[in-house]
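# the sequence isn't on hand, but the structure is:
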């Protein structure tokens, strides 16, 4: 067993949201929640609209909301790729609440997805 930490990259379409060494990553996939520690078996999975929790090497917990995407784990490297990802500290809770209310009153095929995204942002902001 190696003492090497996880190298984690949380990447959105327009930027690298967070990058660094970590001891643990928790994410919600379509199969359920998954926790990743060093020397985890290789994994490729689809993410849901949810909260991702990264425990940085210094003990700080990084919370982010992702709008689905992919989780890849191999050789102590974790890649979290999402069209849109935001750190909890960057979330405007009032705007997320307004987005949730609009999504709940909206009709259409994307209303449920909009509700999940807004709820994930609110949960992330509450955990920070």
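Sure thing, it's come through. Model, not experiment: these values are computed from the prediction.
# name the residues of the helix or strand encompassing residue 54 that come out as buried.
Using DSSP states H and E, residue 54 sits in strand 43-56. Neighbour counts over strand 43-56 (16 or more other CB atoms under 10 Å) mark 45, 47-56 as buried. In short, each C-beta sits where N, CA and C put it, glycine included.
# do the same with stretch 121-128
Buried-residue list, stretch 121-128, by 16+ other CB under 10 Å: 121-125.
# ok, and what's touching it?
For stretch 121-128, contacts defined as CB atoms under 8 Å, 6 or more residues apart in numbering pick out 50-51, 53, 63-65, 86, 88-89, 91, 93, 96-97, 99-100.
# for the residue nearest the centre of the chain, what are its contacts?
When CA atoms, centre = their mean is applied to the chain, the residue found nearest the centroid is residue 52 (3.1 Å). Residue 52 makes contact with 10, 25-28, 63-66, 80, 85, according to CB under 8 Å, 6+ apart.
# same thing with residue 34?
Neighbour list for residue 34: 26-28, 43, 45, 71 [criterion: CB under 8 Å, 6+ apart].
# picking that back up, who wins for most neighbours among the contacts of residue 52?
residue 66 (29 neighbours; other CB atoms under 10 Å).
# and residue 103, how close does it get to residue 35?
29 Å (CB to CB, to the nearest Å).
# among those two, which residue is more densely surrounded?
Set residue 103 next to residue 35 and count neighbours by other CB under 10 Å: residue 103 wins out with 19 against 11.
# show me the beta-bridge partners of the residue nearest to the centre of the chain.
Beta-bridge pairing for residue 52 (DSSP bridges): residue 64.
# likewise residue 26?
residue 35, residue 53.
# likewise for residue 7?
Judged by DSSP bridges, the bridge partners of residue 7 are residue 21, residue 77.
# surely residue 79 and residue 6 touch.
No. If you go by CB atoms under 8 Å, residue 79 and residue 6 don't touch, sitting 10.7 Å apart.
# neighbour-wise, which of the two wins?
Legend: neighbour count by other CB under 10 Å for residue 79 and residue 6, higher for residue 6 (24 against 16).
# wait, the more buried one sits on residue 38?
Yes. Residue 6 is in contact with residue 38 according to CB under 8 Å; the separation is 5.6 Å.
# alright, I will stop here.
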